[in-house]
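Q: give me a 3D structure for the following:
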Amino acid sequence: MGLASRLLSIASIALLYLLGVQSLNFFSLKKLGRFPKKEDYPFVSILVPARNEERNIEKCIKSLLQQNYPNYEIIVLDDESEDRTWQILSRLAQGNDNLHLLKGKPLPEDWLGKCWACHQLSEKARGEYLLFVDADTVHKPSMLHSVMDTARFYQADLISGLPHEKVETFSELLTIPLISWGILAALPLPLAFALPHPGLSITIGQLLLFKRESYDRINGHIAVKDHVCEDMALGRLIKAKGFRWRLVDAGEVTECRMYTNLSEAVDGLSKTIFGALNFRILLIFLFSLLLGLMFCFPPWLLLKSLVKPLPRSLVREALIPGVLGFLSWRMANHRFRVPWYATLFYPVISALAIFIFLRSMILTVAGRAQWKGRVIAIRRINW
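A: Numbers count the residues shown, from 1 in each chain. Just a heads-up that it's a prediction; the model follows:
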C-alpha cells in the first residue's frame with residue numbers, strides 16, 4: 001500500500017498545480033466580441049480549404065457570406081474532393097461576387113494536403129489580413145468584426161480562436177472534451193503571452209487570423225509544408241520571429257462539429273496529437289502517465305473499494321485526487337459549454353485519451369497515419 005499512497009500524493013500535488021493553471025486561464029482567455037470597435041476596417045481575405053466536405057461546406061459558406069464586415073472576400077479551394085463539394089460550391093457562388101472558387105492543383109510529394117491547399121489560397125488572396133477557417137465551422141454575422149477588433153486591440157500578428165466544439169453524440173462526449181480541457185490546462189496563458197519562447201503557444205487551426213505582412217515574413221505555409229499539426233507549427237514560428245500571438249475564445253461567434261462518431265474522432269485526434277507535441281516520444285509517455293495517474297488511478301481505487309474492502313486510509317487518500325480530478329474537468333466543461341454530465345465520464349475520457357496519444361505516436365512512427373484518404377508523411381522523430 002505504500003506505493004499506492006505515494007502515487008496518490010503525487011496525483012494530488014499535480015492536480016492542485018493543474019487547478020491553479022486552469023483557474024488562471026479561466027479568466028485570462030478572453031472572448032471574441034468583447035473588444036472595442038473601430039471606425040475603419042482593412043480588407044480581409046477569408047480562406048477556406050475544403051476536401052470532401054459536402055456535409056459541412058454549405059452551412060460554412062452561407063455563414064461567411066452573411067458577415068456584416070464592410071470589406072472582405074471569400075476564397076474557397078476544392079482540394080481534389082471526391083464527393084459533391086465542388087457542385088455545392090458552384091451553386092453557392094452564383095450571384096455572390098465576393099465568393100471566389102479555386103480548383104486545387106495536384107498535391108506535391110513533399111507537402112501535406114491542408115498546407116498545400118492553404119498555400120494556394122494565400123497566393124490568390126488580396127487582403128491585408130488573412131483569415132483561415134476550416135470548412136466544418138459555422139459563424140455568426142459578427143465573427144469577422146469581432147476577430148478584427150481583437151487583432152487591432154492587441155496589435156497582434158496572429159489571432160487563434162477556439163470555436164465552440166459541439167457535442168451531440170455519446171461518442172463525441174468521450175473525445176471532444178479532451179480538446180477544451182487540454183487548452184485550459186496546458187500552460188499558463190499570461191506567461192505564454194509575455195514570454196517569447198516558441199514552445200509557449202497554443203494555436204487552433206479552425207480559426208486563424210494573420211496579418212499578411214507577418215504571414216509572408218515567416219514564409220507562410222511553405223515553412224510548415226510537411227507538418228501534420230501546421231497550426232501549432234505556425235504559432236511557434238510567429239513567436240520565434242518576435243511577432244505577437246494571442247489565443248482567444250471564439251465560442252460566442254463560431255461553432256464547429258469536428259466529428260460525428262467515435263471512429264472519426266479517434267482517427268482525427270490520432271492524426272494531430274503527436275504532431276502537436278512536436279513528435280516528442282517522451283512527452284507522449286509523460287502525458288499518458290500523468291493522465292493515468294491523475295484521472296484513472298484514483299477512480300479505479302475508489303471503484304475497487306466498492307467490490308473489495310481496502311484500508312480506509314487509502315480510500316480517503318484516493319478521494320482527494322478523485323474530487324480534484326472531477327473539479328478539473330468540471331471547470332473546463334463549464335468554461336467551454338460542454339454538457340455538464342460529461343464530467344461524470346472523466347476517467348473514461350482520460351483512458352481513451354491515453355489510447356489516442358499512444359496510437360498517434362505508433363501510427364506516425366510506422367508511417368500508417370492517414371487523413372481523408374491521404375498518407376501523412378513521417379517527420380523527424382524527437383525523443
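Q: now do the strands in the protein.
A: Secondary structure of the chain (DSSP state E): strands at 44-50, 72-78, 99-103, 129-133, 137-139, 158-162, 164-165, 207-211, 245-249, 254-256, 370-371, 374-375.
Q: ok, and what's touching the fifth one?
A: Read it as strand 137-139. 59-60, 63-64, 67, 133, 163, 206-207, 253-256 (Cβ atoms under 8 Å, 6 or more residues apart in numbering). Every residue, glycine included, has its C-beta placed from N, CA and C.
Q: who's in contact with Thr260?
A: Per Cβ under 8 Å, 6+ apart, neighbours of Thr260: Glu168, Thr169, Ser171, Glu172.
Q: what is the neighbour count of the last one?
A: Meaning Glu172. 23 (other Cβ atoms under 10 Å).
Q: then the third one?
A: Residues near Ser171, counting by other Cβ under 10 Å, number 17.
Q: if I look at the closest residue to His197 other than its chain neighbours, how far off is Ile176?
A: Once flanking residues are discounted, His197 sits nearest to Lys239: 7.1 Å by Cβ to Cβ, 6 or more residues apart in numbering. For Lys239, the distance to Ile176 equals 27 Å [Cβ to Cβ, to the nearest Å].
Q: next: Glu53.
A: Distance from Glu53 to Ile176, by Cβ to Cβ: 19 Å.
Q: what of Ile320?
A: Taking Cβ to Cβ, one finds Ile320 at 28 Å from Ile176.
Q: who has more neighbours, the two?
A: Ile176 (25 against 16).
Q: isn't the more buried one up against Glu264?
A: No. With contact defined as Cβ atoms under 8 Å, Ile176 does not count as touching Glu264 (11.0 Å).
Q: next one: Lys166 from Ser313, what distance?
A: Lys166 is 44 Å from Ser313, by Cβ to Cβ.
Q: quick one: which of these two has more around it?
A: Neighbour count, other Cβ under 10 Å: between Lys166 and Ser313, Lys166 has more, with 17 against 10.
Q: check contacts around Leu303.
A: No contacts exist for Leu303 under Cβ under 8 Å, 6+ apart.
Q: what are the boundaries of the helices in the stretch 151-300 of the chain?
A: 170-173, 177-185, 189-194, 212-217, 230-240, 262-276, 281-291, 297-307 (DSSP state H, counting those that start in this stretch).
Q: got the buried residues for the second one?
A: The neighbour-count check on helix 177-185 (16 or more other Cβ atoms under 10 Å) flags Pro177, Leu178, Ile179, Ser180, Trp181, Ile183, Leu184, Ala185 as buried.
Q: tell me how far it is from the chain's mean position?
A: 9 Å (Cα atoms, centre = their mean, to the nearest Å).
Q: try the shortest one
A: Distance of helix 170-173 from its chain centroid, counting by Cα atoms, centre = their mean, is 17 Å.
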